[in-house]
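>>> Generate a structure from the sequence data that follows.
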Amino acid sequence: MDSNLLQAQAGLWNLTLGYLKSMSLKCALDLGIPNIIDNNGQPMTLSQLHSVLSLHPSKKSPLRRVMRLLTYFGFFIEKSSAGVGEEVYDLTTQSRLVTQKDKSTNMLALIRCLLDNTWVKPSQYIGDWFVQDEKEVPAVLAHGCTFWELASQEPKVNKMFNDAMVSGSCLLNDVIVKHGDDIFKGIKSLVDVGGGKGAMAELIAKSFSHVRCTVLDLPNVVGDCPNNGIVKFVSGDMFTYVPPADIVLLKWVLHDWNNEDCIRILRRCKEAIPSREAGGKVIVCEAVVGSTSAMISEEPQLLLDMLMLTLTEGGERDENQWKSMFIEAGFSSYKIINTTGFMSIIELYP
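I've put the predicted structure just below:
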């Protein structure tokens, strides 16, 4: 058989069975394997893992197969250990992102959320959705309602989503603080639109004491958030009103909405800020498709775009698509800071 054909066949197998990578990761997280290795303080053999997990003897060989696959994809690393008689497994930089010890880089809640059936199930309806005339997204076919309706009706889903947004922001938060001296210079107030439980707003308030921070979000999100004197929580609708501030922050908000809705949101944000001369600007934290450095793959951006297709009417956008929306919303110029892996910080000026 032709070598090109063999490679094509292998590639098709990989594309077809790629979901098993995700499910193997879910298995490892459900079992708590990264935390078990982390808490052990040193690499562990398969026998040790099997024992700590208290699994049935028949599950030892299947456990080895799960560990082998995740090791192949870089989630774990397999090492030789003299005198042990077995290979040992250790954490990698990737798997340390889902361990409990370092809260500042912990992505566990986000990854658990994305692997939950609430988020996975709509992807099975993409083909059905394409051949229907209805505008509703695949999530409606899967759950009978939009994701936002589901979150408002199901406390478990709502909590999972809010926890995921906090978890997913951990590395992005650090980048914003790193660039904060420039971003927040001369700024007295900030509104985090769709800011959830206020994790980023609180970090900004603590890191830059001269900035008064407010979070605007829906009642089912901020209704139980205490006013702790650090962040003020406001219940409201970003489509109708954004509280006035020097800076409006939109982090992982616009990719949830179609172009028309994004323009409406951006116009409300523009109304809330002063002139550029007075320091007014909108900070957008989103993916800019195709803008990643040579070290970072574009693949996460494209996969995230497909996730948005299944759940929302939004999606990930390239620079030209962002630019078109910014102009339509009435902004005079923008600046993209590509410093956050596959995410970017975009400064919009009125």
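>>> where in this protein is pLDDT low?
Low-confidence segments of the chain (pLDDT under 70): 82-84, 102-104, 171, 292-295, 339-340.
>>> give me that answer again for 80
The chain contains residues with pLDDT under 80 at 1, 80-85, 100-105, 134-135, 168-180, 220-228, 291-297, 338-342.
>>> now the strands: where do they sit in it?
For the chain, strands defined by DSSP state E occupy the ranges 44-45, 76-79, 88-91, 189-193, 212-217, 231-235, 247-251, 281-286, 288-289, 317-318, 333-340, 343-349.
>>> Out of the ones you listed, flag the one nearest residue 162.
With C-beta to C-beta as the criterion, residue 162 lies closest to strand 212-217 of the strands of the chain, at 9.2 Å. From N, CA and C alone the C-beta is placed, and that goes for glycine too.
>>> from the middle of its chain, how far away would that closest one be?
Counting by C-alpha atoms, centre = their mean, to the nearest Å, strand 212-217 is centred 20 Å from the centre of its parent chain.
>>> Residue 169: what's it in contact with?
Residue 169 sits next to 199-200, 251-252 when contact means C-beta atoms under 8 Å, 6 or more residues apart in numbering.
>>> 7 Å instead?
Shown in contact with residue 169 (C-beta atoms under 7 Å, 6 or more residues apart in numbering): 199-200, 251.
>>> Over to residue 129?
Residue 129 makes contacts with 138, 141, as judged by C-beta under 7 Å, 6+ apart.
>>> Could you do the one 3 residues further on as well?
With contact set as C-beta under 7 Å, 6+ apart, residue 132 has no partners.
>>> ditto for residue 201
Contact partners of residue 201, counting by C-beta under 7 Å, 6+ apart, are 192, 195, 213, 215, 231.
>>> Let me have the residues you listed in TSV, adding neighbour count and distance to residue 260 as columns.
Output for the contacts of residue 201, formatted as TSV (neighbours: other C-beta atoms under 10 Å; distance: C-beta to C-beta, whole Å):
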residue	neighbour count	distance to residue 260
192	27	23
195	29	23
213	24	29
215	27	25
231	26	31
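>>> any idea which of those is closest to residue 120?
residue 195 (26.4 Å).
>>> Nearest spatial neighbour of that closest one, chain-adjacent residues omitted?
Computed as C-beta to C-beta, 6 or more residues apart in numbering, the closest residue to residue 195 that is not its neighbour in sequence is residue 215, at 3.9 Å.
>>> same question, residue 291
residue 338 (5.3 Å).
>>> Equivalent analysis for residue 272, please.
Setting aside the residues directly before and after it, residue 272 is nearest to residue 242 in space (C-beta to C-beta, 6+ apart), at 4.1 Å.
>>> Just give me the neighbour total for the one you found.
Residues near residue 242, counting by other C-beta atoms under 10 Å, number 25.
>>> same check, this time on residue 322
Around residue 322 there are 23 residues (other C-beta under 10 Å).
>>> list the contacts for it?
By C-beta under 7 Å, 6+ apart, residue 322 lies in contact with 288, 346.
>>> Kindly recompute the last result at 8 Å.
Counting by C-beta under 8 Å, 6+ apart, residue 322 makes contact with 284, 286, 288, 334, 346.
>>> do you know how far it is from residue 208?
26 Å (C-beta to C-beta, to the nearest Å).
>>> circling back: got the phi/psi numbers for the residue nearest to residue 272?
Main-chain torsions, residue 242, degrees, to the nearest 10: phi -120, psi 130.
>>> Just confirm it contacts residue 191, I think it does.
Yes: the pair residue 242 and residue 191 passes the contact test of C-beta atoms under 8 Å, sitting 6.2 Å apart.
>>> Need the residues touching each of the two.
By the contact definition C-beta under 8 Å, 6+ apart, residue 242 and residue 191 are jointly contacted by 216, 248, 272.
>>> Hmm, residue 272 and the second one touching each other?
Spelled out, it's residue 248. Yes: when contacts are counted by C-beta under 8 Å, residue 248 is listed as touching residue 272 (5.5 Å).
>>> and the two? which has more neighbours close in?
Neighbours per residue, other C-beta under 10 Å: of residue 248 and residue 272, the larger number sits with residue 248, 30 against 21.
>>> List the contacts of that one.
Counted by C-beta under 8 Å, 6+ apart, residue 248 has contacts 190-191, 193, 242, 269, 272-273, 282-283.
>>> could you redo the last one with a cut-off of 7 Å?
191, 193, 242, 269, 272-273, 282.
>>> how near is the residue nearest to residue 291 to residue 289?
For residue 338 relative to residue 289 (C-beta to C-beta), the value is 12 Å.
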